[in-house]
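# Sequence and computational prediction follow.
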Amino acid sequence: MAAPPKLIGEFLLELNSSTRKLKRFFEDPDAVLAESGLTPKQQRIVKSGNLRRIRDEIRKEYGSAEFLLYPVQMHVGHPRKPPG
């Protein structure tokens, strides 16, 4: 039996939990998405940066998931360069 596809929410939690993976995502989003386990459609949604579209897809995915452990709000910004 094939494993179910990864959910976008799971992928975003991984980014939120790993500064290394998040840094790689900012440097080369295509490579990180290719390794993510997300479907091509999910990858396009994440890469679009359209927060409404991402949110709507997460709602669809978790609507059909067996359970949801806890909601997480993640804020992602570009790394700041130190002053000077």
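Looks like it arrived, so ask away.

# Could you point out the longest helix of this structure?
helix 51-63 (DSSP state H).

# For Ile42, list the residues it contacts.
Slight slip there: residue 42 is Gln, not Ile. Pro5, Lys6, Ile8, Phe11, Glu57 (CB atoms under 8 Å, 6 or more residues apart in numbering). Every residue, glycine included, has its C-beta placed from N, CA and C.

# how many degrees apart are the host helix or strand of it and helix 51-63 in direction?
Element membership of Gln42, judged by DSSP states H and E, is helix 40-48. An angle of 140 degrees separates the directions of helix 40-48 and helix 51-63 when computed by axes from the mean of the first three to the mean of the last three CA atoms, to 10 degrees.

# circling back: enumerate the positions of the longest helix of the chain that are buried.
For helix 51-63, burial by neighbour count (16 or more other CB atoms under 10 Å) applies to Ile54, Glu57, Ile58, Glu61.

# can you tell me how far the residue lying closest to Glu14 once chain neighbours are set aside sits from Arg52?
With sequence-adjacent residues excluded and distances taken as CB to CB, 6 or more residues apart in numbering, Glu14 is closest to Lys21, at 6.1 Å. Computed as CB to CB, to the nearest Å, the Lys21 to Arg52 distance reads 24 Å.

# just checking, Val46 touches Asp30?
No - the criterion here is CB atoms under 8 Å, and Val46 misses it with Asp30 at 10.9 Å.

# Those two: which has the busier surroundings?
Between Val46 and Asp30, counted using other CB atoms under 10 Å, the more crowded position is Val46 (22 against 10).

# Nothing else from me, thank you.
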